[in-house]
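**Student:** here is the input, now give the coordinates:
(one chain, ligands or ions: 2)
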Amino acid sequence: MTHLQVTLLGTPVVPGVAHAPALRVRGEVDPVAIERFGDGGFADADTALAAYDVAAETVANGFAQKAARADGAAAEVLTASAGLARDKGLRAAVKKSLTAGAPIVAAVHGAVEQFVAVFTSMGGLMAERATDLRDIERRVVAHLVGEPEPGVSLPATPVVLVAEDLAPADTAGLDPLVVHALVTEKGGPTSHTAIIARQLAIPCVVGTAGALEIANGTRLLVDGTAGTIETEPDAEEADRRVAADREQRAALAAWAGPGRTRDGAPVKLLANVADGASARKAVEQPIEGVGLFRTELCFLDRQEEPTVAEQADIYAAVLEPFGEGQYVVVRTLDAGSDKPVAFATLEGEENPALGVRGLRLSWNNPALLDHQLDGIAEAAKRTGTETWVMAPMVATVAEARDFADEVRARGLKAGVMVEIPSAALLAHRFLEVVDFLSIGTNDLTQYAMAADRMASDLAHLTDPWQPAVLHLIAITAEAGKQAGKSVGVCGEAAADPLLACALVGMGVTSLSMASAAVKGVGARLATVTMLQCRQMAEAALAASDPAAGRAAVLAVVDQG
Ligand code: PEP
Ligand code: MG
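**Tutor:** Residues are numbered from 1 along each chain as shown. Ligands and ions are numbered 1, 2, ... in the order given. As a prediction, the model looks like this:
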C-alpha cells in the first residue's frame with residue numbers, strides 16, 4: 001500500500017475526469033470472522049437450515065429494496081438477484097449438505113458451486129449469473145457469521161470506487177453524484193461494470209493492473225479517456241483538469257447534432273436499441289436512426305417462437321418512433337452463445353461462441369429466418385419507416401448472398417455484420433452481394449484475438465484498440481469506400497469518442513451506440529477535421545498496443 005505518486009494504466013471505457021479519494025470495495029467477508037464462527041454450534045441440521053432461511057431472506061429483501069429504488073436494466077438485475085437468493089433449488093442443495101453433516105458455511109459454498117457449474121456450462125448470459133450467485137453466497141455468509149454484507153456502502157461525500165470487479169447488484173444502484181469514477185482491476189470494455197458505467201455516464205477504467213494496491217482514502221485523479229489513474233496528484237492541477245472536463249461535458253450536453261466533423265464531413269450517428277421502450281428513449285437524442293436493433297433480446301424469456309403477427313407488432317414498436325430522414329437497421333436473431341433463446345438455440349454445444357449461433361441457426365431451421373423476415377417486412381410496411389435488415393455471424397460470401405436474396409425479395413435493403421475476421425478480409429467481395437456492412441467490434445475483437453469477450457482476465461485482449469482489430473476494420477472501411485456503400489460500426493468501439501474519430505478516418509460512414517453515448521461522440525467529432533481523423537486512424541493503426549494507440553491518437557488532437 002502506498003501514498004506515493006504513481007500512475008496506473010487500465011482500459012478506459014467511459015470518458016471523463018474525476019478527482020476524489022479512493023473507496024475500496026470489500027469483496028470478501030472477513031476470513032477471521034468466518035473462522036471464529038466455525039460450524040456455528042447449531043443443535044441439528046434443521047436449526048442450521050432455519051438460520052440459512054433467515055440469512056437468505058434478509059439478502060433477498062435487500063436486493064428487492066434496491067430494485068424498488070432503481071429502474072430499467074438495474075431494477076431487472078436486482079429483482080433477478082432477489083429471486084436467486086430465494087431459489088428453492090439452492091435451498092434444497094444446502095439442506096442436503098446439512099443433513100449429510102456439513103457445517104453451514106461449507107454447505108452454502110457447496111450448493112452455490114453446484115449451481116455455478118450448471119450456469120457456467122450453459123455459457124453466455126447464463127454464465128454471468130455465476131457472479132451473482134457468488135455475490136449471494138458472500139452476503140448470506142456475512143449474515144450467518146454476523147459481519148456486514150460485503151459490497152458498496154457509500155458515504156455522503158464524493159469517492160472513486162476501487163474494486164477487483166463490481167457485482168451487478170453493486171453497480172446497479174450507484175449514484176453518480178457520490179461515485180465520481182470507477183476503477184476495477186478486472187473486467188473488459190463489454191463487462192457488466194462497463195455497460196452500467198456507460199449508462200450512468202460515470203468515468204470508468206477497467207482492467208487496471210495494481211488497482212488493488214491503492215489504499216483506502218488515497219486521492220486519485222482518474223482519466224476515463226486516457227485510462228490513467230494518478231495517485232496523490234498535485235491538487236491544484238487535478239482540480240483544473242476536472243474543471244476543464246466539466247466545461248467539455250457542458251459543451252457536450254449542448255451538442256445537438258447532426259454528426260459532422262469540424263469541417264463538415266457527415267457521419268451518421270445512430271443508436272443501439274433492444275425494444276420499443278429503448279427506441280422511444282433513443283429518439284430523444286440527436287440521431288439519424290438506429291444502427292442496431294438486437295431482436296434476440298426481445299425473446300430471451302420465450303419458450304416458443306412468436307407468430308409472425310406477434311413479431312410484426314414487436315418490430316413495429318421499434319420502427320414507429322422514427323420518421324423522415326431516419327432509418328432503422330434490424331438485425332435478425334443473434335441467438336446462441338452469450339444470448340441463448342429457448343426456441344432457437346441448440347443445447348449441449350462444446351463451444352457455443354464458435355458454434356451454431358446467429359445466421360447459422362437458419363441452416364437447419366430456415367422457417368425461423370423466413371418468419372422473422374416476414375414479421376420485419378410487415379412492420380416496415382405498417383410504419384413506413386425506412387428499414388434495413390442485416391444478419392449476424394456471417395462467415396462466407398455465399399451466406400451473405402443467400403441472406404440478401406431473402407431480404408430483397410421482401411423489398412428491404414440487405415446487409416451483413418462483420419464480426420468474423422473472414423468477412424473483414426473479404427469485405428470487398430461481400431459488398432458485391434449486399435447493400436451495406438456493419439462492423440460488430442465486440443465479436444470481431446473476440447474472434448480476431450481468440451479471447452472470450454466475457455472473460456474479465458483478458459481485458460487487454462478484448463480491447464478494440466488492438467492494432468490487429470483496427471486493421472480488420474480499416475480493410476472493411478476501405479472496401480466500403482471503393483464500392484461506394486455504407487460501412488458502419490455498431491459494437492462498443494463506436495461509443496468511444498476518441499476511437500470513433502479514428503474509425504471515421506478509416507472511412508467508416510456511421511457509428512451506432514448506446515444512446516447515452518451519442519452526445520459524447522458527436523461533440524468530440526465536431527472538434528476534429530477529417531484530415532485529423534485520418535491522422536488519428538494512421539496513428540492508431542501504427543501503434544504497437546492499445547495504450548500506445550490511445551496516446552498517439554490523443555497527441556494528434558493536442559497538436560490541434
Ligand atoms: C458486436 O459483436 O459488436 C455486436 C454489435 O453484436 P453483439 O454485441 O450483440 O454480439
Ligand atoms: Mg456480435
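**Student:** contacts and neighbour counts: CA atoms only from here.
**Tutor:** Will do.
**Student:** any idea how far apart the tips of stretch 385-398 sit?
**Tutor:** For stretch 385-398, the first-to-last residue distance is 29 Å (C-alpha to C-alpha, to the nearest Å).
**Student:** right, and ligand 1 sits closest to which residue of the stretch 301-450 of the chain?
**Tutor:** Closest residue of the stretch 301-450 of the chain to ligand 1, C-alpha to the nearest ligand atom: Gly440 (3.0 Å).
**Student:** give me the phi and psi for Arg260.
**Tutor:** Backbone geometry at Arg260, expressed as degrees, to the nearest 10, gives phi -150, psi 150.
**Student:** low-confidence ranges in the stretch 51-200 of the chain?
**Tutor:** Within the stretch 51-200 of the chain, the stretches with pLDDT under 70 are 71-74, 122-128, 168-169, 172-173, 190-192.
**Student:** show me where it has its helices.
**Tutor:** Here the stretch 51-200 of the chain has its helices, by DSSP state H, counting those that start in this stretch, at 72-85, 88-99, 104-122, 124-145, 168-172, 192-200.
**Student:** tell me the most buried of the ones you listed?
**Tutor:** For the helices of the stretch 51-200 of the chain, ranked by mean neighbour count under the definition mean count of other C-alpha atoms under 10 Å, the leader is helix 168-172 at a mean of 22.
**Student:** residues touching the closest residue to ligand 1 within the stretch 151-300 of the chain, list them.
**Tutor:** Across the stretch 151-300 of the chain, no residue is closer to ligand 1 than Arg294, which sits at 6.3 Å (C-alpha to the nearest ligand atom). When contacts are counted by C-alpha atoms under 8 Å, 6 or more residues apart in numbering, Arg294 touches 272-274, 330-334.
**Student:** do the same with Glu230
**Tutor:** The contact partners of Glu230, taken as C-alpha under 8 Å, 6+ apart, are 5-8, 220-222.
**Student:** mind putting the residues you listed into JSON lines with secondary structure, neighbour count and distance to Ala317?
**Tutor:** Output for the contacts of Glu230, formatted as JSON lines (DSSP: H, G, I helix; E, B strand; the rest coil; neighbours: other C-alpha atoms under 10 Å; distance: C-alpha to C-alpha, whole Å):
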{"residue": "Gln5", "secondary structure": "coil", "neighbour count": "14", "distance to Ala317": "53"}
{"residue": "Val6", "secondary structure": "coil", "neighbour count": "14", "distance to Ala317": "51"}
{"residue": "Thr7", "secondary structure": "strand", "neighbour count": "15", "distance to Ala317": "48"}
{"residue": "Leu8", "secondary structure": "strand", "neighbour count": "16", "distance to Ala317": "45"}
{"residue": "Leu220", "secondary structure": "strand", "neighbour count": "26", "distance to Ala317": "45"}
{"residue": "Leu221", "secondary structure": "strand", "neighbour count": "28", "distance to Ala317": "43"}
{"residue": "Val222", "secondary structure": "strand", "neighbour count": "32", "distance to Ala317": "40"}
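**Student:** from those, which two are the most distant?
**Tutor:** Spatial extent of those (C-alpha to C-alpha) is set by the pair Gln5 and Val222 at 13.2 Å.
**Student:** and the strands in the stretch 251-400 of the chain?
**Tutor:** When secondary structure is read from DSSP state E, counting those that start in this stretch, the stretch 251-400 of the chain shows strands at 268-273, 289-294, 327-331, 386-391.
**Student:** interface residues of the stretch 451-560 of the chain facing ligand 1?
**Tutor:** Near ligand 1, the residues belonging to the stretch 451-560 of the chain are 490-491 when assessed by C-alpha under 6 Å from any ligand atom.
**Student:** quick check: the residue of the stretch 451-560 of the chain nearest ligand 1.
**Tutor:** Relative to ligand 1, the nearest point of the stretch 451-560 of the chain is Gly491 (3.5 Å; C-alpha to the nearest ligand atom).
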